[in-house]
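Engineer: need a structure here:
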Amino acid sequence: MATLHATTPTATAARSGAIDALRVVAVVGIVTGHVWAGPIIDAGLYTWHVPAFFLLSGYLWKSRKPDARRAVAAEAKKRFRTIMTPYVAWLVVTLLAHVAIHSHRGTLTPEAVTLPLIGGSLNAGPFGAYWFMPALFISAIMFRAVERVPLVPRVAIIGGITVVTHLFGDALALLPMSLGVAGSALIFMLAGHGLQHFRALVQAPIRIGAACLLVGTAPILARTSAPLDMKYGELGTPVLSVVAAVLIGFGLLLILEGVFSRLPGWVHAMSTRLAAGCLMVVLTHTYVLWLLAIPDTGRSYWVLIAAVALPWAVAMILNRTPLSQVFLGTPRAA
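Structural biologist: Residues are numbered from 1 along each chain as shown. Reported below is the predicted structural model:
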């Protein structure tokens with residue numbers, strides 16, 4: 001699975017500035033959704049910002065032969081290095097700080113330590129976004145595992161998992177380490193993988209992307225499509241919300257690919273550099289919000305800027321050090 005730091009699905013090793021730009025936009029959407037709350041934010045952001053990462057995972061997926069030996073084990077090993085190593089590193093750092101702060105305030109409880117270690121939807125506050133990394137990791141392994149199955153039964157299996165999530169998502173979300181919600185990501189990975197095969201046929205990506213974006217947002221504006229919240233196993237309105245999320249993700253991706261094809265190389269390089277910090281921003285922006293301790297209704301745009309800029313600035317510094325692989329999941333910048 002392509003994670004937050006993957007190359008394009010072409011034969012070359014060059015990264016796509018457009019794909020990296022979508023990662024950056026989606027992360028800003030995630031942070032915005034945590035800064036403010038309400039039906040407009042839920043409908044406008046939650047429908048697409050997390051599914052976009054799983055769509056990209058499928059879009060950049062490198063298939064292996066069904067009889068490839070140890071494919072699942074190799075996938076797990078690779079993704080543990082790029083996803084779970086930074087997850088564990090930041091969990092240790094933030095948990096130590098969390099315990100120290102609670103001890104100083106005299107508010108330390110067993111739950112403050114155990115819940116972050118368990119992971120999943122039970123976490124809120126400073127660890128509210130940590131569910132995302134295990135979901136990325138487990139969904140990659142699951143997608144590699146079902147790759148052995150022929151296409152039609154594979155689609156049926158992923159469809160069945162999606163139906164189960166629709167029916168029992170609230171209970172599945174309680175399982176540790178996002179085990180219960182990782183399966184819901186497979187439907188978006190499957191859609192992204194499908195786009196990978198048909199992308200060469202799209203000759204006018206900006207126009208086609210705009211059409212996808214328009215069709216995808218129409219049921220949201222009409223209030224016929226409920227927003228998604230994958231952390232809690234909520235897939236919105238059956239079928240319609242998933243289709244809307246896929247179309248919005250496709251639309252943004254195609255538009256950005258069309259726009260970036262006309263931009264100079266330094267813009268691609270800047271996009272790629274920023275994307276190196278995506279993982280850290282996802283994991284640590286909630287800690288910034290927790291430390292600021294400003295209620296949702298009282299948060300200004302400065303809170304959003306702080307929650308985005310502070311983690312990203314630290315990430316850009318880390319990216320220039322040997323700690324980049326450990327804390328960002330990506331090699332040190334040249």
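Engineer: List the buried residues for the helix or strand containing residue 244?
Structural biologist: With secondary structure defined by DSSP states H and E, residue 244 is part of helix 240-260. Using 16 or more other Cβ atoms under 10 Å as the burial criterion, the residues of helix 240-260 that qualify are 241-242, 244-260. Every C-beta, even on glycine, is put in place using the N, C-alpha and C of the backbone.
Engineer: What lies in contact with the next helix or strand after that helix?
Structural biologist: Later in the chain than helix 240-260, the nearest helix or strand by DSSP H and E is helix 265-275. Contacts to helix 265-275, defined as Cβ atoms under 8 Å, 6 or more residues apart in numbering, come from residues 4-5, 15-18, 20-21, 23-24, 260, 312, 316, 319, 333.
Engineer: show me where the chain has strands.
Structural biologist: In the chain, no strands are defined using DSSP state E.
Engineer: Could you find the residue nearest the spatial middle of it?
Structural biologist: For the chain, the residue nearest the mean C-alpha position is residue 53 (4.0 Å; Cα atoms, centre = their mean).
Engineer: surely that residue meets residue 23?
Structural biologist: Yes: applying Cβ atoms under 8 Å as the test, residue 53 and residue 23 come out as touching, 7.2 Å apart.
Engineer: The spatially closest residue to residue 24 that is not a sequence neighbour: neighbour count?
Structural biologist: Spatial nearest neighbour of residue 24, chain neighbours left out: residue 274 (5.1 Å); criterion: Cβ to Cβ, 6 or more residues apart in numbering. Neighbour count for residue 274, taken as other Cβ atoms under 10 Å: 20.
Engineer: pLDDT score for residue 274?
Structural biologist: On the pLDDT scale, residue 274 is placed at 96.
Engineer: cool, residue 192 as well?
Structural biologist: Residue 192 is given a pLDDT of 97.
Engineer: can you pull the contacts of the nearest residue to it once chain neighbours are set aside?
Structural biologist: Closest residue in space to residue 192, ignoring its immediate chain neighbours: residue 58 at 2.8 Å, by Cβ to Cβ, 6+ apart. Contacts for residue 58 (Cβ under 8 Å, 6+ apart) come out as 1, 143, 188, 189, 190, 191, 192, 193, 194, 195, 196.
Engineer: Distance check, residue 58 against residue 185.
Structural biologist: 9 Å (Cβ to Cβ, to the nearest Å).
Engineer: got it, and residue 90?
Structural biologist: 21 Å.
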